[in-house]
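> Requesting a structural model of the entry that follows:
(2 chains)
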Amino acid sequence: MVQSIKQEELGIQFKAKKFIIWLFVVSSTIMFGGWTSYYIVFSASKGKGHGIVLPELFIYSTVVLLVSSAFLFLASKAFKNGNYSSQKLFLSITILLGITFGVLQVDAWGSMVRTGAFFSNNNAAISLIYVVSGFHILHIFAGICLVFSALMGAYKEIPLQRRIYRMEIASIFWHFIDILWIYLYVFLLLNS
Amino acid sequence: MSTISLHDTHNHDNHDDHGHHKETFLTKYIFSQDHKMIAKQFLITGIIMAVIAMGLSILFRIQLAWPDKNFPILETFLGEWAAGGRIKPDFYLALVTIHGTIMVFFVLTAGLSGTFSNLLIPLQLGARDMASPFLNMLSYWFFFSACVIMMSSFFIQTGPASAGWTIYPPLSALPTAIKGSGMGMTLWLISMVLFVASSLMGGINYVSTVLNMRTKGMDLWKMPLTIWAFFLTATLGILSFPVLVAGVVLLVFDRSFGTSFYLSDIVMGTQVLPNEGGSPILWQHLFWFLGHPEVYIVIMPALGISSEIISVNSRKPIFGYHAMVYSLIGITILSFIVWGHHMFITGMNPLLGGVFMITTLIIAVPSAVKTFNYLATLWRGNIRFTPAMLFAIGLVSFFISGGLTGIFLGNAALDINLHDTYFVVAHFHLVMGSAAIFGMLAGVYHWFPKMFGRMMSNKLGYLHFWLTFISAYLVFFPLHFLGLDGVPRRYYAFTEFEFMQKWLTVNVFVTWSAIMGALAQVAFLWNFFYSIFKGKRAPQNPWEANTLEWTAPVEHLHGNWPGEIPTVYRWPYDYSKPGAEEDFIPQTIPFSQTMSSNMPHDFEGNSESERIQREWEEQEAAAKKAKLD
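The predicted structure is shown next:
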């Protein structure tokens, strides 16, 4: 009886912690919302957007990120089916793709710099491209850490409940930053 | 069976939430993950910051009252900043900036929410601790670092940030604009980023705890109004603080990386700056999108605390519980669409100004609902004038007198005259400053027994209340008239302007009142710190209140309740219920133990309970009749 009560309290604890990630997602969305609102008000009052052709690399990085999300989904599915070895494999692929995404984003900045669209710019809209993509990379970094902790949990075979918890928060966060990037990219495409 | 229990302890040790392991000094007092200890850390840090910020205000009040006099003692303490015994203009600006920043963010946001959300959310909801005790600990230490960094700006040569607590660019965006725009501003920004991180960690934790960790029977509509207020405050914080981060990040890039988010067409001395295309108005939008919800982040916990205290000490159910909750929700939602009333004179489209004016005036409705409900709760109550009760009533007084002037300022046409005058200063110091700090003090007096297991002295409490209450009005009431006369805020010396000179005598009066108010706080500080160690031992339920925290043992336990967490059966405001033996029925008492006082609506339409109650009443009537016969 005592055990089951403790078990129940522990379950509530995990549920509450998972909810924390959701709330973080909300507040992070609002931060990016702040920047895109800045962009909208700025371009409405100046009558101009960033006015450049976004680097092609952004397309590749977007695809990479989408594929990484798919692999994380596969990892969750493998985990649910008890197929732990493919879970580990898919998680590792997710991490690698995440790193690739980061590298591609930095390359994209490089190509923007080469075309003369510098960060410190008299067109704040161009500076904002760097700001939003830069802060998105910070999120990617945090996401990689979460996926890595899920991977470590799988290797160390920690208690099942905690492995589920790590998988869940990694999934919530990783899919969120995936959608977030698509939002930012589409936003920048539409408001050039 | 044994495997299950083994598995369970394994989980438990790894996880350590309400562990039974040995605590060292470091884990108990410094890096504590216990919400009650973290609450005390927030409170004491908040009190220290409040004393510092109050000291700063006395310094600039001295300058305002006696602009031409020298006070050599100031030079002794402040050195170069008060060379010759007079506060320098640069330092004057730094004083008002840091006073505002500390009071708004560090005292009334972190000190108030941090203390009481941490203390009361788990205790009043029946939870062992917060959703994430670790994040909670981190929240305090981020806050602490923010405080240290903010204060460290007093120890650098160019002094603290001086652009006002709203740090409008370009003063804040150009490091060479004024003295305070340099290193001091950088430290301000670092400190605020840490502060926002702390607030978010705290707020996210509070919301998750309220939604997920209530004890059995504690549905949302059985929560005390304190919890509703903390919950909605935390929600507001989660939705608005990230926007401040967004704005601050852009400001940092403008300062240090040559971007032009907020800068355009600026000439410094003879040099034309290269920045072009930005707009300082955009900062104001981003800032006030946080800034206005922020004033409700400050006042709502105070409103929640006073709802609880007024109900307990009037020995009456809170008047209009649902209306109180809905008006809090209304304030929460409306607070996001009123920020433009801070910007009426920025060249805003008059139509847009009209929209912001209407939303602003609508927010008076839920605020008035709350006020009337407080008064109706007091009406014909069996009032116990404890110090906490006095402070709660004081809050209602300030909320009314300061709220009324809000209606003036929310009016776009009147705001053209009143904007940036002392009228604004008087308004927000009453409605947000005094009201919120009175709510906080009420909370301290009320929950001190819960925090420290001892009682504070009532006599010192009364002395503290009356002196503070009177001096707050003496300080802020006259300022309205300065504002109506057009005296602008943040001006250094009233002797420099012909039309302001007649207000010098008023300034002397206000400064003496402020000094009286500051000295009154000594009574509080002595009472607080003395009572922690030497106060009378607190009984289990000193105020005869219904809420769950008073069922937890006086001695603090990690995990709050020694055995099972109590179950909740009723709402928290069953005071002076007709037919009940005592004038309060705690939330943990089931209706089956209070048959003589149950009302039909207590059962919320549960026909089985209604039937049992009816049968009991018939039996009682029959027994009575038999006795009579």
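> Strands of the stretch 251-400 of chain B, residue ranges please.
In the stretch 251-400 of chain B, the strands defined using DSSP state E, counting those that start in this stretch lie at B:267-268, B:271-272.
> Nearest approach to B:Asp629 belongs to which of the ones you listed?
With C-beta to C-beta as the criterion, B:Asp629 lies closest to strand B:267-268 of the strands of the stretch 251-400 of chain B, at 100.3 Å. In short, each C-beta sits where N, CA and C put it, glycine included.
> Other residues contacting that closest one?
Strand B:267-268 is contacted by residues B:Leu174, B:Thr176, B:Ala177, B:Leu273 when judged by C-beta atoms under 8 Å, 6 or more residues apart in numbering or on different chains.
> Turn the strands of the stretch 251-400 of chain B into CSV, columns for mean neighbour count and mean pLDDT.
Putting these into CSV (neighbours: other C-beta atoms under 10 Å in any protein chain shown; pLDDT from 0 to 100) gives the following:
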stretch, mean neighbour count, mean pLDDT
strand B:267-268, 10, 88
strand B:271-272, 10, 88
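> coming back round to it: output the contacts of strand B:267-268 in JSON lines, with distance to B:Ile358, pLDDT and neighbour count appended to each entry.
Formatted as JSON lines, the contacts of strand B:267-268 follow (distance: C-beta to C-beta, whole Å; pLDDT from 0 to 100; neighbours: other C-beta atoms under 10 Å in any protein chain shown):
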{"residue": "B:Leu174", "distance to B:Ile358": "37", "pLDDT": "91", "neighbour count": "20"}
{"residue": "B:Thr176", "distance to B:Ile358": "42", "pLDDT": "88", "neighbour count": "10"}
{"residue": "B:Ala177", "distance to B:Ile358": "37", "pLDDT": "89", "neighbour count": "18"}
{"residue": "B:Leu273", "distance to B:Ile358": "39", "pLDDT": "88", "neighbour count": "15"}
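> which one among those residues gets closest to chain A?
B:Leu273 (10.8 Å; C-beta to the nearest C-beta).
> which residue packs closest to that closest one, ignoring adjacent ones?
Using C-beta to C-beta, 6 or more residues apart in numbering or on different chains and skipping residues adjacent in sequence, the residue nearest B:Leu273 is B:Ile266, 4.4 Å away.
> Repeat that for B:Ala173.
B:Ala173 sits nearest to B:Asp254 (C-beta to C-beta, 6+ apart), 4.4 Å away.
> quick one, what contacts that neighbour?
By C-beta under 8 Å, 6+ apart, the neighbours of B:Asp254 are B:Pro169, B:Ala173, B:Ser260, B:Phe261, B:Tyr262, B:Leu263, B:Asn275, B:Gly278.
> Name the nearest residue to B:Gly111, sequence neighbours excluded.
Using C-beta to C-beta, 6+ apart, the closest residue to B:Gly111 is B:Gly46 (2.3 Å).
> Go through the helix or strand where the one you found lies and flag the buried ones.
Per DSSP states H and E, B:Gly46 falls inside helix B:35-65. By neighbour count on 16 or more other C-beta atoms under 10 Å in any protein chain shown, the buried set for helix B:35-65 is B:35-43, B:45-54, B:56-65.
> Please state the offset of it from the chain centre?
Taking C-alpha atoms, centre = their mean, to the nearest Å, the mean C-alpha location of helix B:35-65 is offset from the chain mean by 13 Å.
> tell me what whatever helix or strand comes next after that helix is packed against?
Next along the chain after helix B:35-65, taking DSSP H and E as the criterion, comes helix B:72-78. If contacts are counted by 3 or more C-beta pairs under 8 Å, 6 or more residues apart in numbering or on different chains; DSSP states H and E, helix B:72-78 sits against helix B:35-65.
> where does the nearest residue to B:Ile331 once chain neighbours are set aside land on pLDDT?
Ranked by C-beta to C-beta, 6+ apart and with sequence neighbours excluded, the top spatial neighbour of B:Ile331 is B:Pro366, at 5.0 Å. pLDDT for B:Pro366: 96.
> Quick check: the gap between B:Pro366 and A:Ile158.
48 Å (C-beta to C-beta, to the nearest Å).
> So between these two, which is more surrounded?
Remark: of B:Pro366 and A:Ile158, B:Pro366 carries more neighbours, 20 against 16, as counted by other C-beta atoms under 10 Å in any protein chain shown.
> so who does B:Lys179 touch?
So B:Lys179 contacts B:Asp90, B:Thr158, B:Gly159, B:Ser162 (C-beta under 8 Å, 6+ apart).
> Next one: the residue nearest to the first one when sequence neighbours are not counted from B:Leu171, what distance?
What it means is B:Asp90. Spatial nearest neighbour of B:Asp90, excluding adjacent residues (C-beta to C-beta, 6+ apart): B:Lys179 at 4.6 Å. B:Lys179 sits 11 Å away from B:Leu171 when distances are taken as C-beta to C-beta.
> now B:Glu80
On the measure of C-beta to C-beta, B:Glu80 and B:Leu171 end up 22 Å apart.
> who's more crowded, those two?
B:Leu171 (19 against 10).
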